[in-house]
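K.L.:
Any chance you could fold what I've pasted below:
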Amino acid sequence: MTIRVVLERGPKAKMFVAYAVDWPGWSRGAKTADGALDTFAAYRDRYRPVAVGAGLGGEFDDAGAVEVVEERVGAGSTDFWGISFSAGALEQDPMDAADLERKLSLLTSCWAYFDDVAARVSPVMRKGPRGGGRDRDEIIAHTLRVESEDFAKRIGVPVPVGGVVEPEARAAHRTAFVAAMRAYQRGEQVRPMRSWTLPFLVRHTAFHTMDHAWEMEDKGSQRTAVT
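P.N.:
Predicted structure coming up:
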């Protein structure tokens, strides 16, 4: 058993990203291929609480070394952001139902992790050298807005009136999002996504959630460990 990883680079090879095929949300980028893989590996312990929260802690702990199973060229945005913006060869539709349920459990755990971080870090985030950067509530609002107005909308989930920042609205949105992903897997979606696939949608949603959860942890003044 290994950690299957895809190594993706931008068309101009300015940035690289390594992401786990089987563990949505675990993805890191850097300016070099080795840097992306090293940073990815360094986040193994930080991702572990997600696996534990999904009831997959034993499987995660038993996984062996990182194995690059695909090297590919991503979208142009990859060069700028160091983020994967397209589906790999192992993320094509149709998606296996059991695999979907496993990954949905991990996505749900990513959401829980994000909510936990948001509740325990300070409202004021550490700023960059010139004072740039968002505070906690701005990061929360951005993460939820993009998910509801972009990701979920791609499979027909309506954007809730008033947004999804409030806990009740957030929970209802996530329930509807998961239900829509299951319906899409069953072929009940009228309009298939044009360039995205269901495995990529799950992975990218989980990545966006964890990327900003880790951002809040790193920039918050009251960071505490999660075991």
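K.L.:
Keeping just the C-alphas, turn the helix or strand in which Asp34 is found into CSV.
P.N.:
If you go by DSSP states H and E, Asp34 is part of helix 33-42. C-alpha atoms of helix 33-42 as CSV (Å, rounded to 0.1, in the frame of the first residue of the first chain):
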residue,chain,number,x,y,z
ALA,A,33,8.8,19.2,-8.6
ASP,A,34,11.0,18.1,-5.7
GLY,A,35,9.8,21.0,-3.7
ALA,A,36,6.1,20.1,-4.3
LEU,A,37,6.7,16.4,-3.3
ASP,A,38,8.7,17.4,-0.2
THR,A,39,6.0,19.9,0.9
PHE,A,40,3.3,17.3,0.2
ALA,A,41,5.2,14.7,2.4
ALA,A,42,5.7,17.3,5.1
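K.L.:
Not counting that helix itself, show me its contacts.
P.N.:
With Cβ atoms under 8 Å, 6 or more residues apart in numbering as the test, helix 33-42 has contacts from 5, 7, 9, 16-20, 26-30, 66, 68, 82. To be clear about C-beta, it is placed using only N, CA and C from the backbone, and glycine gets the same treatment.
K.L.:
Filter the residues you listed down to the buried ones and hand me the ChimeraX line.
P.N.:
To isolate the buried members of the contacts of helix 33-42 in ChimeraX, using 16 or more other Cβ atoms under 10 Å:
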select :5,7,9,16,17,18,19,20,26,27,28,29,30,66,82
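K.L.:
how is this structure carved up into domains?
P.N.:
3-81, 97-219 (automatic domain parsing).
K.L.:
tell me the mean pLDDT for the first one?
P.N.:
What domain 3-81 shows for mean pLDDT is 97.
K.L.:
Span of that domain from start to end?
P.N.:
Using Cα to Cα, to the nearest Å, the end-to-end distance of domain 3-81 comes out at 24 Å.
K.L.:
try the last one
P.N.:
Distance between the two ends of domain 97-219: 38 Å, counting by Cα to Cα.
K.L.:
need the strands for the protein, in chain order.
P.N.:
3-9, 16-20, 27-30, 66-73 (DSSP state E).
K.L.:
Contacts for the first one, please.
P.N.:
Just to be clear, that refers to strand 3-9. Contacts of strand 3-9 (Cβ under 8 Å, 6+ apart): 15-23, 33, 36-37, 40, 44, 63-74, 78, 84, 88, 90.
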